[in-house]
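**Q** coords below, sequence missing:
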């Protein structure tokens, strides 16, 4: 896995846990919080950077390394602060992988349409945020009783925007099951064309996980008889 720089805004229980998990995966992490004592939640030997400041202050974000960050998570206790931070990260710093924590799930669809992935507290887990910060990684949601088949969730990369999503299936190895768009699940996957912010749900054999990850990353559609299907 490629090691990247990630900014976490908010050092509460979720932010500190997220920062620890990311650092353990080998990523460079900076965590930012208005209250210096919040950093006591981090282990003494935590290798990342701590910045006292605001997630919507450009100087503070600069000190956290936002200019070189590949991802940012806004996980403070305030919806408005998180959304503002996420928009600044996207619009001013060009950070592609941004996620904001939202306490009011009714707002989530609005922000999804602005291109900002959100996670409401009613469905909150650190694992969900990790999947949005590191969308190139295929992560299992469920495994069948044999342990051979996995249902995975994956954010749609830019390479698949405007393309038929059913084309990412691998004959006999991986099938697109559903697509979540703006918080609404869809099962009509045979005709869906990818849009930014889509979340893919794919059933895949464990032995084909790497092949699926490569297919999703490259945006290459299925071609040839080996894929076992033709277009009419």
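**A** Received the coordinates, thanks. What you see is a predicted model; the values in this text were computed from it and never measured.

**Q** and stretch 20-29, what's buried?
**A** In terms of neighbour count (16 or more other Cβ atoms under 10 Å), stretch 20-29 has its buried residues at 20, 22-23, 27-29. Bear in mind the C-beta positions are built from the backbone N, C-alpha and C, glycine included.

**Q** end-to-end on it?
**A** In stretch 20-29, first residue to last residue: 9 Å (Cα to Cα, to the nearest Å).

**Q** just how off-centre is that stretch within its chain?
**A** Relative to the centre of its chain, stretch 20-29 is centred 15 Å away, using Cα atoms, centre = their mean, to the nearest Å.

**Q** same question for stretch 17-36.
**A** How far stretch 17-36 lies from its chain's middle: 16 Å, per Cα atoms, centre = their mean.

**Q** cool, and stretch 60-72?
**A** The chain centre lies 17 Å from the centre of stretch 60-72; the measure is Cα atoms, centre = their mean.

**Q** in which helix or strand does residue 30 reside?
**A** According to DSSP states H and E, residue 30 maps onto strand 28-33.

**Q** I misspoke; the intended subject was residue 179.
**A** Element membership for residue 179 (DSSP H and E) is strand 174-181.

**Q** give me the next element, helix or strand, following that strand.
**A** Downstream of strand 174-181, the first helix or strand assigned by DSSP H and E is strand 184-186.

**Q** what's that following strand packed up against?
**A** strand 174-181 (3 or more Cβ pairs under 8 Å, 6 or more residues apart in numbering; DSSP states H and E).

**Q** excluding its own residues, what touches the strand it packs on? List them.
**A** 151, 165-166, 168-169, 185-187, 189, 192, 195, 197-205, 208, 211-212, 215 (Cβ atoms under 8 Å, 6 or more residues apart in numbering).

**Q** next one: stretch 33-52
**A** With contact meaning Cβ under 8 Å, 6+ apart, stretch 33-52 is reached by 9-13, 15-16, 19-20, 23, 28-32, 53-54, 60, 63-65, 76.

**Q** try 10 Å this time
**A** Stretch 33-52 is contacted by residues 5-13, 15-17, 19-20, 22-24, 26-32, 53-55, 57, 59-65, 76, 81 when judged by Cβ atoms under 10 Å, 6 or more residues apart in numbering.

**Q** among those residues, which ones are in helices?
**A** Among the contacts of stretch 33-52, DSSP state H puts 13, 15-17, 19-20, 22-24, 59-63, 81 in helices.
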